[in-house]
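[1] Here you go, sequence then predicted model.
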Amino acid sequence: SLESNLSDIIDKLDTYLTDALNKYATTLLPKTDKVVDKVTMLKEQLKGKDLQTVGIMISETHANRQAANVDPAAETEFKKLFKEVGFEIIEANKEQLLKWTKDFSLAGVDIVITGEGFSEFCTRINGLVSCSARLEVQSTNREEHKVISSERTTKRAVDLSESIAAKTALQAAGRDLAIKTIEKITEGI
């Protein structure tokens with residue numbers, strides 16, 4: 001059915017589009033422009049570098065109800081990308097996370113990333129649901145208590161399910177801000 005295959009179809013479309021852009025970029029873009037996958041570029045740039053340890057805490061809500069804490073889309077995307085480019089992620093339980101936000105010296109990490117995200121229903125058209133998400137994150141050097149970066153973005157997503165559209169919008173926002181945050185943290189490396 002369309003409902004069960006929509007995610008697979010979107011993933012395949014994303015893969016086909018990326019492959020086509022890479023294959024035909026020289027034809028489609030002016031000669032001076034290139035299609036650059038920022039995550040791949042960051043992985044290459046940071047390969048073999050001694051990177052800081054990171055703690056990531058991003059809460060999420062969906063209009064009028066708490067998003068599922070067991071699957072925080074923005075935080076999961078941050079952890080995925082930070083790990084993918086070579087950072088060590090320090091995981092903690094909820095009590096430790098609460099202490100980290102009050103006393104950075106208890107964190108045991110070099111950089112603490114905190115943030116909040118929320119998503120909201122937008123509209124339903126012919127069975128498709130759209131949601132918007134807003135994400136704000138800050139990265140702080142634990143030892144110096146100095147803000148490294150403070151970023152925000154808004155993203156939208158469409159799906160057959162409101163929950164999935166909301167999570168997808170938060171994931172997209174997480175990806176966007178994770179890349180920006182990694183770039184800020186690693187400036188000068």
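    That came through fine.
[2] what pLDDT, on average, does the longest helix along the chain get?
    Counting residues, the longest helix found in the chain (DSSP state H) is helix 2-28. Regarding helix 2-28, the rounded mean pLDDT is 74.
[3] low-scoring stretches of the chain, by residue?
    Residues of the chain meeting the criterion pLDDT under 70: 1-7, 29-36, 64-71, 93-94, 96-107.
[4] switch the cut-off to 80
    Applying pLDDT under 80 to the chain flags the ranges 1-11, 14, 18, 21-22, 25-36, 63-71, 92-108, 188-189.
[5] what ranges do the strands span in it?
    For the chain, applying DSSP state E gives strands covering 53-62, 65-66, 88-89, 111-125, 128-141, 146-159.
[6] can you redo those strands as CSV with distance to Asp19 and mean neighbour count?
    The way it works is simple: take the backbone N, C-alpha and C, and place the C-beta from them, glycine included. Shown next, in CSV, are the strands of the chain (distance: least, CB to CB, whole Å; neighbours: other CB atoms under 10 Å):
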stretch, distance to Asp19, mean neighbour count
strand 53-62, 31, 21
strand 65-66, 38, 8
strand 88-89, 30, 14
strand 111-125, 30, 19
strand 128-141, 26, 20
strand 146-159, 22, 16
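[7] That'll do, ta.
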